[in-house]
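1. Starting from these lines, generate the structure:
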Amino acid sequence: MTKIDTKTSKRITFLLFSSFFLIGMFTFRDYGISIDEEFHRSSGFYWLNYILSFTAFEDLKNLVNIKINDIKGFTLQLPQDHPYYGVVFDLPLAFLEVIFKIEDPQNIFYFKHFSNFFLFFVSSIFFYKLLLNRFSNYYISLFGTLFFILSPRIYGSSFFNNKDIVFLSLVIIALYYCFKCFDKESYKNFFIFSIFAALSTSQRILGIFLPVTFIIFFFLSFSENKKSSEYVLKIFFFCIFYFLFLVLFWPLLWGDPINNFILTFKYFSDHPLKLKMLFDGLYIDSNFLPHNYIFVWILISTPILYIILFVFGYFQILKRFFLRFLNIKDNTFYYDLWRGVNEKKDLFILFSITSIISYLIFFNVVIYTGWRQIYFINTFLIYIAIYSIHIININLKSKLRKKIGLAFLSLYLIFIIFKMIVYHPYQNLYFNIFFNKSAHQKFEVDYWGLAGKKSLEDILFMEKDKNIIKVGVASYLPLERSIKLLDKKDRKRIKVIGQEFQSADYLYTNFISEVDKNVNDKYKVPSNFTSIKKFSLDNVLVYEIFKKNN
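-> Just a heads-up that it's a prediction; the model follows:
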């Protein structure tokens, strides 16, 4: 790709991030409420109350207790029964909700959605800095950032997913400072990296891969470091501060750090909630996933070009690693698995994504509804895809070929932007062009229940004169939560009555079931209801509304 001067690159970068932020700021109210948001709001207040128990702020304690008592209805039981979720996002937002006196449910969740997006926006800046750090090429870094932002499922989830996207964002920031440690082994870089590595781990236990992989690479780097004793001291310094910050950011660890950390690891390795999930046309148990589960979900819900570039880049880095390994010689300049810090960064990314997916598969870790719990590996996927572009750019000698490559990438990204506009505000339901026609028949689509708000708005529009509208739910979805995002006057008109089908005026289904619908008729729509509305996106059926016959 052609070079651009620093001033022009800064202008293009500023335009990109300004546009991204403005789009998010003007659209965050478009997104519905997910099934887990109420639980995590409750979890934030539970742990805020725990921290306040060590203080004398009685008025604040009373306000928090009122909030706790007002929160009802979420997927899991109570936060104290499931205390293992990280609170680095939920707890500060609970505090801000009290301080800013945000009372209306609609405002509460829109505030959370904007905050979620803002953190993702910040992480996109760090992802750009990370790519620029590695490739030293503004065009490649900008395209990589566009790949990252224009990952439809990730982008759509950035407005409401306060677990997986928050974790992804913190991992990116931590990874950037990890790279800074590779560049310069200073105490300052090790200290900053320890903070964000601890934040990542306290948000989700799987974040432990960052410090573990970093320490493994320390041992692999040992022979190249002439001041090995000083290097060991710096690693020790990093480990101490990582542990201190981990305990500080995670109130669960305050009482019994080691034991509670182990309990958390066990909890998420074999999650107690067991569900049936639709996968490739069959209902499978969440605790007995097929080995191809992760690969299939990534393949069908990621833009195809990203996948192709990732596969090419993955095998290029892997090939280089084996060649380095086979050519290691004693008493020569080249005695390591990489030649220079950039190769070290590439191998770190390769090792991370390979070890994480291998761990999830071989230890049969419970994963729910797609690959949302490991969305953070999209960071590595895009990085390796951009590595491919970097290699191709080097090998395209003529300027004409480079311009053709640039034009092709630009056209493809325009196509993805078009698809994201088509899906808006349900980009999290994206299936790529090869799988969208049969997706709703073989895979779960709206498992977050984001379209619940729109379905209620549809029903309200059809029943403008009726005071109370009873809506049954023929799927595994707490539709009543979506009421909170309606206007105040409309909230009083809707009454969600679950599976009391014969008492309902309308039935709603988004086809999600925690039981095998082939042998269990729990969500079967009665014959005296007629389908009146089907909502589809890009050939993907999202939900259906039935009306009771007169």
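2. What are the boundaries of the strands in the stretch 451-550 of the chain?
-> Taking DSSP state E, counting those that start in this stretch as the criterion, the stretch 451-550 of the chain carries its strands at 469-473, 494-496, 506-509, 529-537, 540-548.
3. What residues sit buried inside the least confident helix or strand in the chain by mean pLDDT?
-> Sorting the helices and strands of the chain by mean pLDDT, DSSP states H and E puts helix 439-442 at the bottom, at a mean of 86. Of the residues in helix 439-442, those scored as buried under the neighbour-count criterion (16 or more other CB atoms under 10 Å) are 439-440. In this view, the C-beta of every residue, glycine as well, is placed from N, C-alpha and C.
4. out of the strands of the stretch 451-550 of the chain, nearest to residue 387?
-> Taking CB to CB as the measure, the strands of the stretch 451-550 of the chain were each checked against residue 387, and strand 540-548 came out nearest at 31.4 Å.
5. Just want the angle from that closest one to strand 469-473.
-> Our comparison of strand 540-548 with strand 469-473, counting by axes from the mean of the first three to the mean of the last three CA atoms, to 10 degrees, yields an angle of 130 degrees.
6. Which residues does the least confident helix or strand of the chain contact?
-> Contact partners of helix 439-442, identified using CB atoms under 8 Å, 6 or more residues apart in numbering, comprise 278-281, 300, 431, 445, 511, 539-542.
7. Also stretch 80-87?
-> Residues external to stretch 80-87 that are found in contact with it (CB under 8 Å, 6+ apart): 39-40, 43-44, 46-47, 76, 79, 163, 167, 202-205, 250-252, 263-264, 267-268.
8. which among those residues end up buried?
-> Buried among the contacts of stretch 80-87 by 16+ other CB under 10 Å: 39-40, 43-44, 46-47, 76, 79, 163, 167, 202-205, 250-252, 264, 267.
9. taking those one by one, which sit in helices?
-> When the buried ones among the contacts of stretch 80-87 are checked against helices using DSSP state H, the ones located there are 39-40, 43-44, 46-47, 167, 202-203, 264, 267.
10. ok, of those, which one's closest to residue 102?
-> Minimum distance to residue 102 across those is 12.7 Å, recorded for residue 44 (CB to CB).
11. Now that residue 173 has come up, it's in contact with residue 197, right?
-> No: taking contacts as CB atoms under 8 Å, residue 173 lies outside contact range of residue 197: 9.7 Å.
12. out of these two, which sits in the busier spot?
-> Neighbour tally, residue 173 and residue 197, criterion other CB atoms under 10 Å: the higher count belongs to residue 197, 29 against 24.
13. Hmm, that one is touching residue 212, no?
-> No: contact criterion CB under 8 Å: residue 197 and residue 212 do not qualify, at 9.8 Å.
14. For residue 155, which non-adjacent residue is spatially closest?
-> Taking CB to CB, 6 or more residues apart in numbering as the measure, residue 155 lies nearest to residue 427, with 5.3 Å between them; neighbours along the chain are not counted.
15. isn't that neighbour right up against residue 420?
-> Yes: between residue 427 and residue 420 a contact is recorded at 5.2 Å, counting by CB under 8 Å.
16. intersection of neighbour lists for these two?
-> Common neighbours of residue 427 and residue 420 (criterion: CB under 8 Å, 6+ apart): 152, 155.
17. How is the chain divided into domains?
-> Listed domain ranges for the chain are 104-395, 446-548 (source: automatic domain parsing).
18. Would you check how far apart residue 136 and residue 410 are?
-> Taking CB to CB, to the nearest Å as the measure, residue 136 falls 21 Å from residue 410.
19. one step back: least trustworthy position among the contacts of helix 439-442, going by pLDDT?
-> For the contacts of helix 439-442, the model is least confident at residue 539; its pLDDT is 87.
20. residue contacts, it?
-> With contacts defined as CB under 8 Å, 6+ apart, residue 539 is in contact with 436-437, 439.
21. residue ranges with poor pLDDT in the protein?
-> Scanning the chain for pLDDT under 70 picks out the ranges 1-5, 73-77, 222-228, 328-336.
22. again, 50 this time
-> Residues of the chain meeting the criterion pLDDT under 50: 1-2, 74, 331-335.
23. So which bits of the longest helix along it are buried?
-> Among the segments of the chain that qualify as a helix by DSSP H, the longest is helix 105-135. By neighbour count, with 16+ other CB under 10 Å as the criterion, the buried positions of helix 105-135 are 105-106, 108-113, 115-121, 123-135.
24. try stretch 188-202
-> If you call a residue buried by 16+ other CB under 10 Å, then stretch 188-202 has these buried ones: 189-202.
25. ok, and the closest non-adjacent residue to residue 245?
-> Of all residues apart from its sequence neighbours, residue 198 sits closest to residue 245 (CB to CB, 6+ apart), at 3.5 Å.
26. contacting residues around the one you found?
-> For residue 198, the residues meeting the contact criterion (CB under 8 Å, 6+ apart) are 241-246, 248-249.
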